[in-house]
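Colleague: Give the three-dimensional model of this entry:
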Amino acid sequence: MGKTEWLVDSGASSHMTSVRDKFVSMKELKTPVRITIADGKKIDAVAMGTVGLKLMDGTSVTLSDVLYIPEVEGSLISVAKLAEKDVVAQFSKDKCVFRYGDATVMEAKRCGNVYKLKIVRDEVCHAATASRKEPWAVVHARHGHIPYAK
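Modeller: Next up is the predicted model:
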């Protein structure tokens with residue numbers, strides 16, 4: 001898996017990556033967080049922060065509370081963490097669509113038995129660089145914030 005792919009993981013407890021340069025902000029953890037990965041191996045998260053991603057369609061997405069784990073292979077998006085922000089993942093045979101209310105936030109394409117979110121190579125996004133005009137609620141959801149009213 002390359003730096004430009006994030007796997008959608010319905011079993012991951014947190015978003016995580018080994019790609020340090022994707023972080024917009026990062027805070028070293030005083031005590032590493034021990035994570036057990038799918039094969040049973042235990043690895044340590046050494047920092048946590050906010051990751052900015054620019055999707056292939058030009059959309060900017062910000063993930064909060066992303067664990068930095070140097071030993072992990074690639075990057076994972078936690079379906080559970082998105083669900084905590086009222087983002088719904090809808091899986092079909094060829095893609096996974098993430099929705100916030102009626103709006104599509106992002107899509108991941110199925111490749112074999114995994115769903116991959118493709119991002120622009122070596123691009124760190126900041127919230128202020130979003131180029132498409134979207135309704136406030138959609139932008140808010142993309143940045144991982146809980147809505148103040150429903």
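Colleague: Could you measure from Thr50 over to Val61?
Modeller: 11 Å (Cβ to Cβ, to the nearest Å). Where C-beta positions appear, they are placed from N, C-alpha and C, glycine not excepted.
Colleague: In terms of neighbours, single out the busier of the two.
Modeller: Neighbours were counted for Thr50 and for Val61 using other Cβ atoms under 10 Å; Val61 has more, 23 against 19.
Colleague: So what pairs up with that one in the strands?
Modeller: Note on Val61: beta-bridge partners Leu53, judged by DSSP bridges.
Colleague: What residues are bridge-paired with the residue positioned nearest the centre of the chain?
Modeller: Centroid-nearest residue in the chain, with Cα atoms, centre = their mean: Ile77, separated by 4.2 Å. Judged by DSSP bridges, the bridge partners of Ile77 are Val8.
Colleague: any idea how far Leu117 is from it?
Modeller: Distance of Ile77 to Leu117, given as Cβ to Cβ: 6 Å.
Colleague: so what sits against both of those two?
Modeller: Contact criterion Cβ atoms under 8 Å, 6 or more residues apart in numbering; residues shared by Ile77 and Leu117: Trp6, Leu7, Val8, Ala108.
Colleague: pull the helix or strand with minimum mean pLDDT from the protein.
Modeller: Ranking every helix and strand in the chain by mean pLDDT, DSSP states H and E puts helix 136-142 at the bottom, with a mean of 46.
Colleague: out of the shared contacts of Ile77 and Leu117, who has the most neighbours?
Modeller: Among the shared contacts of Ile77 and Leu117, the one with the most neighbours (other Cβ under 10 Å) is Trp6, at 28 neighbours.
Colleague: Just want to check the distance between that residue and Met26.
Modeller: 17 Å.
Colleague: likewise Glu107?
Modeller: For Glu107 relative to Met26 (Cβ to Cβ), the value is 27 Å.
Colleague: Looking at the two, which has the bigger crowd around it?
Modeller: More crowded of Glu107 and Met26, by other Cβ under 10 Å: Glu107, with 19 against 16.
Colleague: bridging residues for that one?
Modeller: Going by DSSP bridges, Glu107 forms beta bridges with Val97.
Colleague: mind checking pLDDT for it?
Modeller: As predicted, Glu107 sits at a pLDDT of 93.
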